[in-house]
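S.K.: coords please:
(chains A and B)
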Amino acid sequence: MKDGSPLMTDEQVPECLARAREGDEKAVLDIFNYMYPHVAKLVQANLPVRESAEDLIQQVCVKVVTHLDQFSGKVPLLHWVSRIAVNTCLNQIRHEKRRPEVRLADLSEDEAAVVEHLAHSSTEVSASDQVASRELVEKLLDSLKPQDRLLMRLMYLEGRQLEDIAGITGWNKAMIKVRVFRARAQLRKRYSLLMKESP
Amino acid sequence: MNTIDDQLNRLFRAAQNAPSPDVAPPPFGLETRVLAAWREGAKAPVAFWDTAVLTRGLILAGIIMAVSILPALNSRSVTTSSIADEVTSADSGVDADAYP
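M.R.: Below is the predicted model of the structure:
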């Protein structure tokens, strides 16, 4: 925060919301600073191609602060904010058709080394190759539909539970399970193609 | 050669353990723009009132429509009895005879 004051804690949220609804500008500012890192992270993870993160983050933040009176308080504030962020991103990506295929030639040296390690060794990937692994996963996820990409990211990269994902996306658990199952099958297929190219 | 599933699981585990990229502080001016949008929204409670009036109006119109349709439905159910059908066909027969 600019003035150096600490971020609002989860316990302070209801009281701050009440003040914001009464028109307290400082409370709105506190809510903005509280949700900003969460929104920025979500938007950057689900950023549509050719879209600026700043524009989308602003869209989400404006939607949140102008609809504070619609927040029922039944779920944590950040879950509600996540839903708005996710829906805003998905609406932007809806018409995105380009789903690039991952080719071995497109991988960096480190990413190719990770693929080779996974194929020929049964040990875990070393800590020094974790960043390359993440980049490789991101490339594989880019070949999925936006909704599937989001679910796979939440489940496998952020390690979230099904209940948590249902809370963030607003989708029912059965649908999430089916989508994750299908997305994983697709990912398996893409990865197999990558392996076929591997020496 | 390891199975594809095993390889994917290890890949996901490694990716999950990778340090997540830091979130940069809000860009200059974003805070001000969000606050300005909030002030604009707070200034227009009239719009909300308009929406509420519109919703109530639609509900009232729906009730009026339902109430006005109800007698028509009732009379339809009466005329669908077999006696009513016979009377109607007798009437049309009489009409046909009287006005050839």
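S.K.: what residues does chain B put near chain A?
M.R.: Residues of chain B found near chain A (CB under 8 Å from any CB of the partner chain) are B:1-2, B:4-8, B:10-21, B:23-24, B:26-27, B:30-31, B:33-35, B:37-42. Yep, even glycine has a C-beta here, placed from its N, CA and C like the rest.
S.K.: which among the residues you listed count as buried?
M.R.: Taking 16 or more other CB atoms under 10 Å in any protein chain shown as the criterion, what is buried in the residues of chain B next to chain A is B:4, B:7-8, B:10-12, B:14-16, B:18, B:26, B:30-31, B:34-35, B:37-38, B:41-42.
S.K.: now do the longest helix seen in chain B, average pLDDT.
M.R.: Taking DSSP state H as the criterion, chain B has its longest helix at helix B:45-79. Averaged across helix B:45-79, pLDDT comes to 78.
S.K.: now do the same for residue A:73: helix, strand or coil?
M.R.: Look at residue A:73: counting by DSSP: H, G, I helix; E, B strand; the rest coil, its state is coil.
S.K.: report pLDDT for it.
M.R.: Looking at residue A:73, its pLDDT is 83.
S.K.: neighbours around the spatially closest residue to it that is not a sequence neighbour, how many?
M.R.: Counting by CB to CB, 6 or more residues apart in numbering or on different chains, residue A:73 lies nearest to residue A:14, which is 6.8 Å off, once chain neighbours are set aside. Neighbour count for residue A:14, taken as other CB atoms under 10 Å in any protein chain shown: 11.
S.K.: one more: the one 5 residues further on?
M.R.: Counted with other CB under 10 Å, the burial measure for residue A:19 works out to 16 neighbours.
S.K.: with the one 10 residues further on instead?
M.R.: The local packing of residue A:29 (other CB under 10 Å) involves 21 other residues.
S.K.: for the host helix or strand of it, which residues meet the burial criterion?
M.R.: Using DSSP states H and E, residue A:29 falls within helix A:25-45. By 16+ other CB under 10 Å, the buried positions in helix A:25-45 come out as A:27-36, A:38-43, A:45.
S.K.: out of the residues you listed, which touch chain B?
M.R.: A:28, A:29, A:32, A:33, A:36, A:40, A:41.
S.K.: from the residues you listed, pick the one nearest residue A:71.
M.R.: Closest approach between those and residue A:71, by CB to CB: residue A:28, at 12.9 Å.
S.K.: how much space between the residue positioned nearest the centre of chain B and chain A?
M.R.: What sits nearest the mean C-alpha location of chain B, by CA atoms, centre = their mean, is residue B:55, with 12.5 Å. In this view, residue B:55 and chain A are 15 Å apart by CB to the nearest CB, to the nearest Å.
S.K.: roughly how far does that residue sit from residue A:21?
M.R.: Residue B:55 sits 21 Å away from residue A:21, going by CB to CB, to the nearest Å.
S.K.: before we move on, what about residue B:70?
M.R.: 43 Å.
S.K.: ok, those two, which is more surrounded?
M.R.: Remark: of residue B:70 and residue A:21, residue A:21 carries more neighbours, 14 against 10, as counted by other CB under 10 Å.
S.K.: want to throw the ones next to chain B among the buried residues of helix A:25-45 into TSV with pLDDT and distance to residue A:56?
M.R.: Putting those into TSV (pLDDT from 0 to 100; distance: CB to CB, whole Å) gives the following:
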residue	pLDDT	distance to residue A:56
A:28	92	20
A:29	91	20
A:32	93	15
A:33	91	18
A:36	93	13
A:40	91	10
A:41	88	12
